[in-house]
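In: What follows is a predicted structure for the sequence shown.
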Amino acid sequence: MAVRSDMAWPIRWAVWAIVFGFCAAMALWAFEFGKDIAGLDGGTKGDVLRLRAELGAVQAELNSVKEDRDKAQSIANTAGTLMTTERASLESLIGQVKQLETDNRCLRDDLVFFEKLIPVAGPDGLSIRGLQVDQKGGTIKWQALVMQAGKHVSEFDGRLELSFSGFSNGKPWVSALPDGPLAIKIRQYGRLEGGFDLPPQTVLKGVSAKVMQGSVVKAAQSIKL
(Lines give C-alpha, C1' and ligand atoms only; values in the text may rest on other atoms or scores of the structure.)
Protein backbone atom coordinates (compact mmCIF):
# COMPACT_ATOMS: atom_id res chain seq x y z
CA MET A 1 0.00 0.00 0.00
CA ALA A 2 1.33 3.51 -0.95
CA VAL A 3 0.49 6.66 0.92
CA ARG A 4 -0.02 9.83 -1.36
CA SER A 5 -0.57 13.26 -0.01
CA ASP A 6 -3.19 15.16 -1.88
CA MET A 7 -2.62 18.96 -2.58
CA ALA A 8 -5.41 21.19 -3.67
CA TRP A 9 -5.04 22.57 -7.21
CA PRO A 10 -5.09 26.28 -6.17
CA ILE A 11 -2.10 25.70 -3.96
CA ARG A 12 -0.43 23.77 -6.73
CA TRP A 13 -0.94 26.66 -9.17
CA ALA A 14 0.35 29.12 -6.63
CA VAL A 15 3.51 27.08 -6.15
CA TRP A 16 4.07 26.91 -9.89
CA ALA A 17 3.50 30.67 -10.21
CA ILE A 18 6.07 31.34 -7.47
CA VAL A 19 8.60 29.09 -9.24
CA PHE A 20 8.02 30.76 -12.64
CA GLY A 21 8.21 34.22 -11.09
CA PHE A 22 11.47 33.39 -9.38
CA CYS A 23 12.91 32.09 -12.67
CA ALA A 24 11.77 35.23 -14.50
CA ALA A 25 13.31 37.42 -11.83
CA MET A 26 16.60 35.52 -12.12
CA ALA A 27 16.54 35.84 -15.94
CA LEU A 28 15.86 39.60 -15.75
CA TRP A 29 18.64 40.01 -13.17
CA ALA A 30 21.04 38.07 -15.43
CA PHE A 31 20.09 40.24 -18.45
CA GLU A 32 20.61 43.50 -16.57
CA PHE A 33 23.87 42.23 -15.11
CA GLY A 34 25.05 41.28 -18.61
CA LYS A 35 24.20 44.77 -19.91
CA ASP A 36 26.23 46.33 -17.12
CA ILE A 37 29.20 44.09 -17.86
CA ALA A 38 29.03 44.78 -21.62
CA GLY A 39 28.59 48.51 -21.10
CA LEU A 40 25.22 48.56 -22.88
CA ASP A 41 23.60 50.93 -20.47
CA GLY A 42 21.56 54.03 -21.05
CA GLY A 43 24.62 56.03 -22.14
CA THR A 44 24.91 54.01 -25.33
CA LYS A 45 21.94 55.76 -26.89
CA GLY A 46 23.51 59.11 -26.11
CA ASP A 47 26.77 58.01 -27.77
CA VAL A 48 24.87 56.88 -30.84
CA LEU A 49 23.10 60.24 -31.08
CA ARG A 50 26.40 62.09 -30.62
CA LEU A 51 28.10 60.02 -33.33
CA ARG A 52 25.19 60.64 -35.66
CA ALA A 53 25.47 64.36 -35.05
CA GLU A 54 29.23 64.29 -35.73
CA LEU A 55 28.65 62.24 -38.88
CA GLY A 56 26.11 64.80 -40.08
CA ALA A 57 28.59 67.64 -39.45
CA VAL A 58 31.35 65.81 -41.34
CA GLN A 59 28.96 65.12 -44.22
CA ALA A 60 27.96 68.80 -44.37
CA GLU A 61 31.62 69.84 -44.39
CA LEU A 62 32.36 67.31 -47.13
CA ASN A 63 29.51 68.71 -49.22
CA SER A 64 30.87 72.23 -48.71
CA VAL A 65 34.35 71.12 -49.80
CA LYS A 66 32.87 69.46 -52.91
CA GLU A 67 31.03 72.68 -53.79
CA ASP A 68 34.25 74.69 -53.40
CA ARG A 69 36.09 72.14 -55.56
CA ASP A 70 33.44 72.36 -58.28
CA LYS A 71 33.63 76.17 -58.25
CA ALA A 72 37.42 76.08 -58.45
CA GLN A 73 37.28 73.59 -61.32
CA SER A 74 34.80 75.79 -63.17
CA ILE A 75 37.03 78.84 -62.69
CA ALA A 76 40.07 76.86 -63.86
CA ASN A 77 38.24 75.67 -66.97
CA THR A 78 37.14 79.22 -67.77
CA ALA A 79 40.67 80.52 -67.24
CA GLY A 80 42.07 77.78 -69.48
CA THR A 81 39.61 78.68 -72.24
CA LEU A 82 40.50 82.37 -71.95
CA MET A 83 44.23 81.56 -72.05
CA THR A 84 43.76 79.42 -75.16
CA THR A 85 41.76 82.18 -76.86
CA GLU A 86 44.31 84.83 -75.91
CA ARG A 87 47.18 82.61 -77.11
CA ALA A 88 45.46 82.08 -80.47
CA SER A 89 44.81 85.82 -80.78
CA LEU A 90 48.43 86.58 -79.93
CA GLU A 91 49.72 84.12 -82.53
CA SER A 92 47.36 85.64 -85.10
CA LEU A 93 48.61 89.14 -84.27
CA ILE A 94 52.24 88.00 -84.50
CA GLY A 95 51.52 86.52 -87.93
CA GLN A 96 49.86 89.76 -89.05
CA VAL A 97 52.80 91.82 -87.79
CA LYS A 98 55.27 89.61 -89.69
CA GLN A 99 53.17 89.89 -92.83
CA LEU A 100 52.97 93.68 -92.45
CA GLU A 101 56.74 93.86 -91.99
CA THR A 102 57.23 91.84 -95.18
CA ASP A 103 54.76 94.04 -97.07
CA ASN A 104 56.48 97.14 -95.71
CA ARG A 105 59.85 95.89 -96.92
CA CYS A 106 58.46 95.21 -100.37
CA LEU A 107 56.77 98.60 -100.54
CA ARG A 108 59.97 100.30 -99.42
CA ASP A 109 61.92 98.53 -102.15
CA ASP A 110 59.28 99.44 -104.71
CA LEU A 111 59.34 103.03 -103.51
CA VAL A 112 63.08 103.23 -104.05
CA PHE A 113 62.58 102.14 -107.62
CA PHE A 114 59.51 104.20 -108.38
CA GLU A 115 61.13 107.32 -106.98
CA LYS A 116 63.54 106.95 -109.84
CA LEU A 117 60.87 106.64 -112.50
CA ILE A 118 61.67 110.04 -113.92
CA PRO A 119 61.67 109.74 -117.69
CA VAL A 120 65.28 109.82 -118.77
CA ALA A 121 65.63 108.47 -122.27
CA GLY A 122 68.73 106.76 -123.53
CA PRO A 123 69.20 105.41 -127.03
CA ASP A 124 65.82 104.42 -128.47
CA GLY A 125 64.19 105.58 -125.20
CA LEU A 126 65.61 102.64 -123.15
CA SER A 127 67.51 103.14 -119.87
CA ILE A 128 68.75 101.31 -116.79
CA ARG A 129 67.64 102.93 -113.54
CA GLY A 130 68.31 102.05 -109.90
CA LEU A 131 71.16 99.57 -110.24
CA GLN A 132 71.84 98.53 -106.64
CA VAL A 133 74.18 96.06 -104.96
CA ASP A 134 73.98 94.81 -101.37
CA GLN A 135 76.95 92.76 -100.14
CA LYS A 136 76.83 90.61 -97.01
CA GLY A 137 80.02 88.65 -96.53
CA GLY A 138 80.75 86.75 -99.71
CA THR A 139 77.17 87.00 -101.03
CA ILE A 140 75.94 89.79 -103.32
CA LYS A 141 72.31 90.70 -103.92
CA TRP A 142 71.69 92.97 -106.88
CA GLN A 143 68.65 94.54 -108.51
CA ALA A 144 68.11 96.79 -111.52
CA LEU A 145 65.19 98.65 -113.09
CA VAL A 146 64.98 98.81 -116.88
CA MET A 147 62.67 101.48 -118.33
CA GLN A 148 61.40 102.30 -121.77
CA ALA A 149 60.22 105.87 -122.16
CA GLY A 150 57.21 106.83 -124.21
CA LYS A 151 53.46 106.32 -124.16
CA HIS A 152 53.04 104.15 -127.21
CA VAL A 153 56.04 101.88 -127.36
CA SER A 154 56.35 98.33 -128.58
CA GLU A 155 57.47 95.52 -126.33
CA PHE A 156 61.22 95.30 -125.94
CA ASP A 157 62.75 91.83 -126.14
CA GLY A 158 66.39 91.56 -125.16
CA ARG A 159 68.74 90.51 -122.39
CA LEU A 160 70.47 91.98 -119.35
CA GLU A 161 74.18 91.36 -118.89
CA LEU A 162 75.94 92.01 -115.56
CA SER A 163 79.69 92.23 -115.01
CA PHE A 164 81.38 92.21 -111.58
CA SER A 165 84.93 93.53 -111.16
CA GLY A 166 87.43 93.78 -108.33
CA PHE A 167 90.51 92.05 -106.97
CA SER A 168 91.07 88.39 -106.15
CA ASN A 169 94.20 87.51 -104.19
CA GLY A 170 95.60 90.93 -105.08
CA LYS A 171 95.03 90.51 -108.82
CA PRO A 172 92.39 92.14 -111.08
CA TRP A 173 89.25 90.06 -111.29
CA VAL A 174 86.20 90.22 -113.59
CA SER A 175 83.21 87.87 -113.72
CA ALA A 176 79.78 87.71 -115.33
CA LEU A 177 76.65 86.02 -113.98
CA PRO A 178 77.26 82.26 -113.59
CA ASP A 179 74.13 81.41 -115.59
CA GLY A 180 74.76 83.99 -118.27
CA PRO A 181 72.62 87.01 -119.31
CA LEU A 182 69.01 87.30 -118.19
CA ALA A 183 66.23 87.45 -120.76
CA ILE A 184 64.08 90.54 -120.46
CA LYS A 185 60.76 91.55 -122.02
CA ILE A 186 59.25 94.90 -121.07
CA ARG A 187 56.88 97.52 -122.41
CA GLN A 188 57.20 100.29 -119.84
CA TYR A 189 59.50 98.96 -117.12
CA GLY A 190 60.77 95.76 -115.58
CA ARG A 191 62.66 94.98 -112.38
CA LEU A 192 65.27 92.25 -112.27
CA GLU A 193 67.14 90.93 -109.25
CA GLY A 194 69.36 88.06 -108.24
CA GLY A 195 72.34 86.87 -106.22
CA PHE A 196 76.03 86.26 -106.81
CA ASP A 197 78.61 84.47 -104.65
CA LEU A 198 82.10 85.98 -104.66
CA PRO A 199 85.06 83.62 -104.84
CA PRO A 200 87.17 83.40 -101.67
CA GLN A 201 89.68 86.24 -101.09
CA THR A 202 87.82 88.47 -103.58
CA VAL A 203 87.05 92.16 -103.05
CA LEU A 204 84.23 93.62 -105.17
CA LYS A 205 84.89 97.11 -106.54
CA GLY A 206 82.27 97.67 -109.22
CA VAL A 207 79.23 96.37 -111.09
CA SER A 208 78.23 97.08 -114.69
CA ALA A 209 74.89 96.37 -116.35
CA LYS A 210 74.05 96.40 -120.06
CA VAL A 211 70.77 95.88 -121.90
CA MET A 212 71.47 94.12 -125.17
CA GLN A 213 69.36 93.44 -128.25
CA GLY A 214 71.30 91.11 -130.40
CA SER A 215 74.77 92.60 -130.52
CA VAL A 216 73.56 96.18 -129.95
CA VAL A 217 73.88 97.84 -126.55
CA LYS A 218 70.56 99.59 -125.85
CA ALA A 219 71.37 100.90 -122.34
CA ALA A 220 74.18 100.67 -119.81
CA GLN A 221 74.96 101.73 -116.25
CA SER A 222 77.91 101.13 -113.90
CA ILE A 223 78.42 101.70 -110.16
CA LYS A 224 81.59 101.70 -108.09
CA LEU A 225 81.78 100.30 -104.58
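Out: Everything's here; your move.
In: lowest confidence element among the helices and strands of this structure?
Out: Among the helical and strand segments of the chain, the one scoring lowest on mean pLDDT, DSSP states H and E is helix 9-38, with a mean of 62.
In: From the contact counts, what lies against the helix or strand containing Val203?
Out: If you go by DSSP states H and E, Val203 is part of strand 202-213. Under the contact criterion of 3 or more Cβ pairs under 8 Å, 6 or more residues apart in numbering; DSSP states H and E, strand 202-213 touches strand 126-136, strand 139-148, strand 156-168, strand 216-224. C-betas here are computed from N, CA, C, even on glycine.
In: Following element in sequence after the least confident helix or strand of the chain, please.
Out: Next along from helix 9-38, by DSSP H and E: helix 43-114.
In: so how far is that next one off the chain centroid?
Out: Counting by Cα atoms, centre = their mean, to the nearest Å, helix 43-114 is centred 17 Å from the centre of its parent chain.
In: Which neighbouring elements make contact with that helix?
Out: strand 126-136.
In: Neighbouring strands - and their directions - for the strand it packs on?
Out: Paired with strand 126-136 in the same sheet, following DSSP bridges, are strand 139-148 (antiparallel).
In: buried stuff in the strand it pairs with?
Out: Neighbour-count burial for strand 139-148 flags 140, 142-148 (criterion: 16 or more other Cβ atoms under 10 Å).
In: what's the answer for stretch 175-194, then?
Out: 175, 177, 184, 186, 191-192.
In: In those, find the pair that's most separated.
Out: The most widely separated members of the buried residues of stretch 175-194, counting by Cβ to Cβ, are Ser175 and Ile186 (25.7 Å).
In: Below-threshold pLDDT in the protein: ranges please.
Out: 1-22, 24-48, 108, 110-124, 150-151 (pLDDT under 70).
In: hang on, the earlier thing: any idea which of the helices and strands packed on strand 202-213 is most buried?
Out: Most buried of these by mean neighbour count (mean count of other Cβ atoms under 10 Å) is strand 139-148; its value is a mean of 20.
In: Give the bridge partners for Ser163, please.
Out: With DSSP bridges as the rule, Ser163 is bridged to Ala176, Ser208.
In: check contacts around Gly138.
Out: By Cβ atoms under 8 Å, 6 or more residues apart in numbering, Gly138 lies in contact with 197-198, 200, 202.
In: Quick check: the gap between it and Val97.
Out: In this view, Gly138 and Val97 are 32 Å apart by Cβ to Cβ, to the nearest Å.
In: same check, this time on Gly80
Out: Per Cβ to Cβ, Gly80 is found 26 Å from Val97.
In: Kindly report the same for Pro178.
Out: From Pro178 to Val97 the distance is 37 Å (Cβ to Cβ).
In: ditto for Ala149
Out: Distance, Ala149 to Val97, by Cβ to Cβ: 40 Å.
In: Of these two, which one has the most company?
Out: With neighbours defined as other Cβ atoms under 10 Å, Ala149 and Val97 compare such that Ala149 has more, 16 against 10.
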